[in-house]
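[1] Sequence plus the predicted model coming up.
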Amino acid sequence: MSALTDLKSRVTGLARSEKDRYSAGEERPLGGYATAMAVYAAVVGALAGLTRATRREVPDGLAVPDVLLSAVATHKLSRLITKDPVTSPLRAPFTVYQGQTGPAELKEDARGRGAQKTVGELITCPFCIDMWVATGLMAGFIYLPRTTRLAVDTLAVLAGADLLQFGYSWLQEREQS
């Protein structure tokens with residue numbers, strides 16, 4: 001048992017030393033990031049196991065229109081999760097409000113340390129949450145294809161409407177200047 005304790009101590013020490021060299025004094029929740037990656041891998045592994053156990057058909061790939069609409073839907077849902085004022089109560093335990101960054105979008109910073117900071121960074125970064133959203137949509141295509149297509153189409157329509165809103169605002173600004 002002593003050898004195991006010694007090994008654990010050495011690995012922990014190496015990890016701390018590496019974290020210190022990497023972060024250069026800044027707070028970087030590397031342990032939280034490793035945990036987030038492990039959770040993601042576990043979710044994907046569980047989905048793969050469930051898919052196999054239930055003998056679900058895994059598509060060879062999506063048709064090009066589905067890929068394009070899914071990309072737009074992933075973008076839109078990621079922005080809704082990470083920036084929308086209405087979803088701010090979900091982010092509030094992990095973030096600090098900093099103001100607005102654009103029309104109907106908030107600027108928030110992650111707060112806390114460890115897991116709280118890791119979650120805060122994940123749910124305020126549209127690029128970071130994209131992987132989780134895309135994975136959820138792809139799982140949806142396997143388990144609930146019709147419902148997922150409807151959700152993807154709805155999000156894509158919403159993204160198109162946003163573009164039209166921006167275009168309308170831009171035209172109004174041009175008329176006034």
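    Cool, got the structure. Quick caveat: nothing in here was measured; it's all calculated off a predicted structure. Numbering: from 1, shown residues only.

[2] So, low pLDDT: which residues of the protein?
    Along the chain, segments meeting pLDDT under 70 span 1.

[3] Which helix or which strand is home to the most centrally placed residue in the chain?
    Centroid check for the chain by Cα atoms, centre = their mean gives residue 129 as the closest residue, at 0.9 Å. In this structure, residue 129 sits in helix 126-143 according to DSSP states H and E.

[4] Distance check, the residue nearest to the centre of the chain against residue 80.
    Separation of residue 129 from residue 80 (Cβ to Cβ, to the nearest Å): 10 Å. Glycine gets a C-beta too; all of them are placed from N, C-alpha and C.

[5] Residue 27 too?
    According to Cβ to Cβ, residue 27 stands 28 Å off from residue 80.

[6] With neighbour numbers in mind, choose between the two.
    Comparing residue 27 with residue 80 by other Cβ atoms under 10 Å, the one with more neighbours is residue 80, at 18 against 10.

[7] And the helices in the protein, which stretches?
    Counting by DSSP state H, residue ranges of the helices within the chain are 2-23, 30-53, 64-83, 88-91, 114-123, 126-143, 145-176.

[8] any chance of the ones you listed in CSV, with distance to residue 97 too?
    Putting those into CSV (distance: least, Cβ to Cβ, whole Å) gives the following:
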stretch, distance to residue 97
helix 2-23, 26
helix 30-53, 21
helix 64-83, 12
helix 88-91, 7
helix 114-123, 12
helix 126-143, 17
helix 145-176, 22
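
[9] wait, which of the ones you listed is closest to residue 108?
    helix 88-91 (6.0 Å; Cβ to Cβ).

[10] residues in contact with the closest one?
    Helix 88-91 is contacted from outside by 81, 82, 97, 106, 108, 120, 123, 124, using Cβ atoms under 8 Å, 6 or more residues apart in numbering.

[11] what's the single longest strand in the protein?
    strand 95-102 (DSSP state E).

[12] Just checking: what are the partner strands of that strand?
    Here strand 95-102 has these sheet partners by DSSP bridges: strand 105-110 (antiparallel).

[13] The partner strand to helix 114-123, inter-axis angle?
    Relative orientation of strand 105-110 versus helix 114-123 (axes from the mean of the first three to the mean of the last three Cα atoms, to 10 degrees): 160 degrees.

[14] Now stretch 19-35: buried residues?
    For stretch 19-35, burial by neighbour count (16 or more other Cβ atoms under 10 Å) applies to 28, 29, 32.

[15] chain center to that stretch, what's the gap?
    What separates the centre of stretch 19-35 from the centre of its chain is 20 Å, taken as Cα atoms, centre = their mean, to the nearest Å.
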